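> Show me the folded form of this:
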Amino acid sequence: MISPACHEPLPKNVRRGLEEFNAGQYFGQHETLERVWRAEMRPVRDLYRGILQIGLALYQIERGNVRGALKMFERAFRWLEPFRPACQGVDVDRLLAESRAVYEEVRRLGAERIVEFDRSKFPQVHLIGHPDTKA
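Model prediction:
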């Protein structure tokens, strides 16, 4: 069952974290979303935690840490799944699909070939109701 908070507008600080995510500022988005995640006591906090862990997975790919990236993706998938298809305007289905594609490619490449990963395939966070609009 989707959280009642999913019908609320996206909080300002979460929007800022998503903008950082989409700009490739993965460490910064982690800091921003972690503050929101820690302050939020309702189940919607796991939406924020899942997104920040996708960002950490991408950060780990940039650093060449395949094992760390895969671990972060696996955690994030578990956190985000209950918020499908969307929550607070975040297109969770799309984020999961794009992130799972990256996960599979990282697994295929492995540590030996991770430098070959095409970072243009990194997912973005998109908002429902605004086709092709990023957060």
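> all strands for this structure, in order.
Remark: strands assigned in the chain by DSSP state E are 86-87, 90-91.
> So for the biggest helix by length in the chain, what gets flagged as buried?
In the chain, assigned by DSSP state H, the helix with the most residues is helix 92-113. Of the residues in helix 92-113, 92, 94-96, 98-99, 102-103, 106 count as buried by neighbour count, 16 or more other C-beta atoms under 10 Å. The C-beta positions use only the backbone N, C-alpha and C, and glycine is treated the same way.
> Dump it to CSV, keeping only the CA atoms.
Extracted in CSV, the C-alpha atoms of helix 92-113 (Å, rounded to 0.1, in the frame of the first residue of the first chain):
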residue,chain,number,x,y,z
VAL,A,92,9.5,5.9,-9.2
ASP,A,93,8.8,3.4,-11.9
ARG,A,94,11.0,5.2,-14.3
LEU,A,95,13.8,5.7,-11.8
LEU,A,96,13.7,2.0,-10.9
ALA,A,97,13.7,0.9,-14.6
GLU,A,98,16.6,3.2,-15.5
SER,A,99,18.5,2.3,-12.4
ARG,A,100,18.0,-1.4,-13.0
ALA,A,101,19.4,-1.1,-16.5
VAL,A,102,22.5,0.6,-15.0
TYR,A,103,22.8,-2.1,-12.4
GLU,A,104,22.7,-4.9,-15.0
GLU,A,105,25.3,-3.1,-17.1
VAL,A,106,27.6,-2.6,-14.2
ARG,A,107,27.3,-6.3,-13.3
ARG,A,108,28.1,-7.2,-16.9
LEU,A,109,31.1,-5.0,-17.0
GLY,A,110,32.5,-5.9,-13.6
ALA,A,111,35.4,-4.3,-11.9
GLU,A,112,37.8,-5.0,-14.8
ARG,A,113,35.8,-3.0,-17.4
